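Chemist: let's see this in three dimensions:
(one chain, ligands or ions: 1)
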Amino acid sequence: EFKLQYGAQRTGKRTDAAMERWRGNRFGQFIHWGLYAIPGGVWNGKTYNYAAEFLKSSAKIPGSTWDSLMYQFNPKKFSAKEWARMAKRMGAKYMTITTKHHEGFCLWPSRFTEFNISRTPYGKDILKELVDAYNAEGIDVNFYYSVLDWHHPDWRYDIKSPEDSVAFRRYLDFAFNQLKELATNYPTVKAFWFDGTWDNSVKKNGWWTYEVEQMLKQVSPGAIVNSRLRADDRGARHFDSNGQLMGDYESGYERRLPDPVTDLKVTKWDWEACMTVPENQWGYHKDWSISHVKSPLELLEMLVHTTSMGGNFLLNFGPAGDGSIRPEEQRIAAEIGSWMQNNGNVIYNSGYAGWEKQDWGYFTAPSRPNTLNMVVFNLPVSGLLKVKVPAGVKISTASTGGKKLRVEEIAKNQYLVHFERKWFAMPQVIVLETGGEGKKGAQYQDAKT
Ligand SMILES: COc1ccc([C@@H]2N[C@@H](C)[C@@H](O)[C@H]2O)cc1
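Modeler: Modelled structure (predicted):
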């Protein structure tokens, strides 16, 4: 056990109302929008396949050239209301927006740097427009903030000299002020999503990450911060040197999900996975033919998979420089939304059931006791869905769309739900009720081998 001043401030899940709301929301829309959306992965006629929000480095563009993109930022097709309505139709309950990505450009009129929206042709406070429009649709708004800042002269990747120390301390004060500004000026914001905290400079200043968490929770009571903000006294990140999760939820699953059999440890804490539609594009890229683009169904399965393991799913959209949403993303919002319309109760306020993963899909546990949802993605040719229950649990009924299905106890702690033998376009939901006596006089004997 290490004695830590800047380690985890709590063990176990937060149980306050703000965290229960964040947890129950389950499904969020990530939005990456900044100057990188203007070139969209193409520079001087050359397409760069790496992540579009990294174009400055992949195309080796000088800072002054990149920063002058600010004078072109004038999204004629931007409508915060339209974005919010699309997110509402998709069934997103929260939205996380990049207030400032690694490029350092701020979507709000920050008084701590000139490199912000007020000096663009667009001029208006995009952050306020988005917060107001999404909140008006009943969608919570969270802020992404990159500590890594390519624009700010005092940013350092490491601290190798007294000058580095002095400069980086100025940078940490700048970032602290910006965060306080964000929490103060946008009081309805519910959570802060930190990124760009992996460099040695931040790891050597765990105290600052602790102070930021404390400040945000003072300025904005109930505020939620992700584990990615935090480094402890010894530079340990996400989990402190004693293995305790820092921040309010674990944010290590980026473009990957925990395995439903081997990674069940994540069910012990709150966590969120964030996901790109292409293989690796967060900001807008003009050419999505360069990698696999996930279908609405692939993404819907990830949402259900995440809920089944007690996590939140943050699905990324990368609006174009003109403020338009590309057709692929529109289709995803529409198709996931149509399923969520009828089946959102399987996701919202639902979580890990504690039952063994089965081949046909995922269990989610609603807040109502003695009931479970089966979300079927892989219907067997037999139409018979095997359900292995925890020892002693009995299934009393199974139904789909209110219609009862035959449930057969076939062995010790094993049932078959008799479903239909046909092809479905979308995942099917079966509701199980547990309890009751189970099969009368059933004798199950293990073989002698
Ligand atoms: C491989 O290094 C990185 C560094 C930053 C990222 C950023 N985190 C994601 C949430 C996006 O913001 C991406 O730009 C991704 C990979």
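
Chemist: leaving out chain neighbours, which residue sits closest to Tyr210?
Modeler: Distance criterion C-beta to C-beta, 6 or more residues apart in numbering; nearest residue to Tyr210, sequence neighbours excluded, is Tyr6 at 4.0 Å. To be clear about C-beta, it is placed using only N, CA and C from the backbone, and glycine gets the same treatment.

Chemist: list the residues that contact the one you found.
Modeler: Applying C-beta atoms under 8 Å, 6 or more residues apart in numbering to Tyr6 gives the contacts Gly206, Trp207, Thr209, Tyr210, Ala231, Asp232, Asp233.

Chemist: for the third one, helix, strand, or coil?
Modeler: Classification of Thr209 by DSSP: H, G, I helix; E, B strand; the rest coil places it in helix.

Chemist: tell me how far the closest residue to it other than its chain neighbours lies from the ligand.
Modeler: Excluding the flanking residues, the one nearest Thr209 by C-beta to C-beta, 6+ apart is Arg230, at 4.8 Å. In this view, Arg230 and the ligand are 16 Å apart by C-beta to the nearest ligand atom, to the nearest Å.

Chemist: when you give positions from now on, start the count at 133
Modeler: Yep, numbering from 133; the last one is Arg362 now.

Chemist: quick one: neighbours of the residue in the stretch 133-282 of the chain that the ligand sits nearest to, just the number.
Modeler: Closest contact between the stretch 133-282 of the chain and the ligand, by C-beta to the nearest ligand atom, is at Glu185 (4.6 Å). By the other C-beta atoms under 10 Å criterion, the neighbourhood of Glu185 contains 25 residues.

Chemist: so the residue most central in space within the chain is in which element?
Modeler: Nearest residue to the geometric centre of the chain (C-alpha atoms, centre = their mean): Leu446, 2.7 Å. Using DSSP states H and E, Leu446 falls within strand 443-449.

Chemist: coming back round to it: tell me which residues touch the residue nearest to Thr341, please.
Modeler: Thr329, Gly338, Thr341, Tyr342, Glu345, Arg369, His370, Asp372, Met378, Gly379.

Chemist: right, and the helix or strand after the longest helix along the chain?
Modeler: Determined from DSSP state H, the single longest helix within the chain is helix 294-317. Counting by DSSP H and E, the element after helix 294-317 in chain order, helix or strand, is strand 323-327.

Chemist: the residue nearest to the centre of the chain and the ligand, how far apart?
Modeler: Distance from Leu446 to the ligand, by C-beta to the nearest ligand atom: 9 Å.

Chemist: partners of that residue in the sheet?
Modeler: With DSSP bridges as the criterion, Leu446 is bridged to Gly160, Cys406.

Chemist: pretty sure it sits against Thr408.
Modeler: No - applying C-beta atoms under 8 Å as the test, Leu446 and Thr408 come out as separate, 10.5 Å apart.

Chemist: among the contacts of Arg362, name the ones in strands.
Modeler: For these, not one is inside strands, with DSSP state E as the criterion.

Chemist: which one (most neighbours) among those?
Modeler: Busiest of these [other C-beta under 10 Å] is Met378, holding 28 neighbours.

Chemist: show the pLDDT at that one.
Modeler: With respect to pLDDT, Met378 scores 98.

Chemist: return the residues in contact with it.
Modeler: Taking C-beta under 8 Å, 6+ apart, we find Met378 in contact with Gly139, Ala140, Gln141, Ser359, Leu361, Arg362, Asp364, His370, Phe371, Asp372.

Chemist: distance of the closest residue to it other than its chain neighbours relative to Arg301?
Modeler: Once flanking residues are discounted, Met378 sits nearest to Arg362: 3.7 Å by C-beta to C-beta, 6+ apart. Note on Arg362: its distance to Arg301, by C-beta to C-beta, to the nearest Å, is 19 Å.

Chemist: now do Leu511
Modeler: 59 Å.

Chemist: what about the residue in the chain that the ligand sits nearest to, neighbour count?
Modeler: Nearest residue of the chain to the ligand: Trp414, at 4.1 Å (C-beta to the nearest ligand atom). Number of residues near Trp414 (other C-beta under 10 Å) recorded here: 28.

Chemist: before we move on, what about Lys336?
Modeler: Applying other C-beta under 10 Å, we find 17 residues neighbouring Lys336.

Chemist: per-residue pLDDT of it, please?
Modeler: Lys336 is given a pLDDT of 98.

Chemist: with the one 3 residues further on instead?
Modeler: The predicted structure scores Trp339 at 98 on the pLDDT scale.

Chemist: these two touch, right, Arg153 and Tyr226?
Modeler: No - assessed by C-beta under 8 Å, Arg153 is found out of contact with Tyr226, at 9.1 Å.
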